[in-house]
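>>> Quick one: sequence and predicted model below, then my questions.
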Amino acid sequence: MDDLDRQLVEILSTDARVSNRKIAADLGVTEGTVRGRIKRLQQDRLIAFTAITSFGLENSTKMAFIGVLAEVERVREIAKRIADLSTVNAVMITMGRFNILAICLFNELDHLHTVASDQILSLPGVHHVETSIAVKTVKYDARVVRITETDHIIDNDD
């Protein structure tokens, strides 16, 4: 990515619906250049266009983070099993106190307890789970959402 790509991404991250003509005028390049760069950035999986929804559209409006301590040699397998749970929205393999982090939305504490204790803790190779519930969002910037494959676990070495 060069400086023009970065400027283009900055404009699109503020308003992805802005026209290519307006972007071209603002950046002092042709509309074809803008169109070509956007296409390349999408093909290289550096940007994607999607609607960001608010929690108001979800049936569940509270967010929880579930830290999972799993056997090291089974982390990928366990992360995949957790990702297969329909109530879990995101799963990451992490470093630190836990080696897996799951994020889910819920309405009732009983539902969260079922996910954490009955579904995740009961998986073979899981030694401990710890939940944290978001009580107030101080900052959330949807522009930092990473584009990742959803059909398999991402390995930074791939």
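Received the coordinates, thanks. Numbers count the residues shown, from 1 in each chain.

>>> And stretch 13-25, what's buried?
Residues of stretch 13-25 classed as buried by neighbour count (16 or more other C-beta atoms under 10 Å): 20, 23-24. Placement of C-beta: from N, CA and C, glycine included.

>>> And for stretch 74-83?
Residues of stretch 74-83 classed as buried by neighbour count (16+ other C-beta under 10 Å): 75, 78-79, 81-83.

>>> Among the residues you listed, which one lies nearest to residue 95?
Among the buried residues of stretch 74-83, residue 75 lies closest to residue 95 (C-beta to C-beta), at 10.9 Å.

>>> excluding its backbone neighbours, what's nearest that closest one?
In this structure, residue 75 finds its nearest non-sequential neighbour in residue 99, 5.2 Å apart by C-beta to C-beta, 6 or more residues apart in numbering.

>>> Show the pLDDT at the one you found.
As summarised for this prediction, residue 99 has a pLDDT of 96.

>>> surely it meets residue 92?
No: at 9.8 Å, residue 99 does not count as touching residue 92 under the criterion of C-beta atoms under 8 Å.

>>> More neighbours: the two, which one.
The neighbour count for residue 99 versus residue 92, taken as other C-beta atoms under 10 Å, is higher for residue 99 (19 against 16).

>>> dump the residue contacts of that one.
The contact partners of residue 99, taken as C-beta atoms under 8 Å, 6 or more residues apart in numbering, are 68-70, 72, 75, 93.

>>> out of those residues, which are inside strands?
Using DSSP state E, the members of the contacts of residue 99 that fall within strands are 68-70, 93.

>>> rewinding a little: ok, now how distant is the residue nearest to residue 75 from residue 40?
Distance, residue 99 to residue 40, using C-beta to C-beta, to the nearest Å: 36 Å.

>>> Residue 104 too?
The spacing between residue 104 and residue 40, counted by C-beta to C-beta, is 35 Å.

>>> So for the two, which sits in the more crowded spot?
Regarding residue 104 and residue 40, a neighbour count based on other C-beta under 10 Å identifies residue 104 as having more, with 24 against 13.
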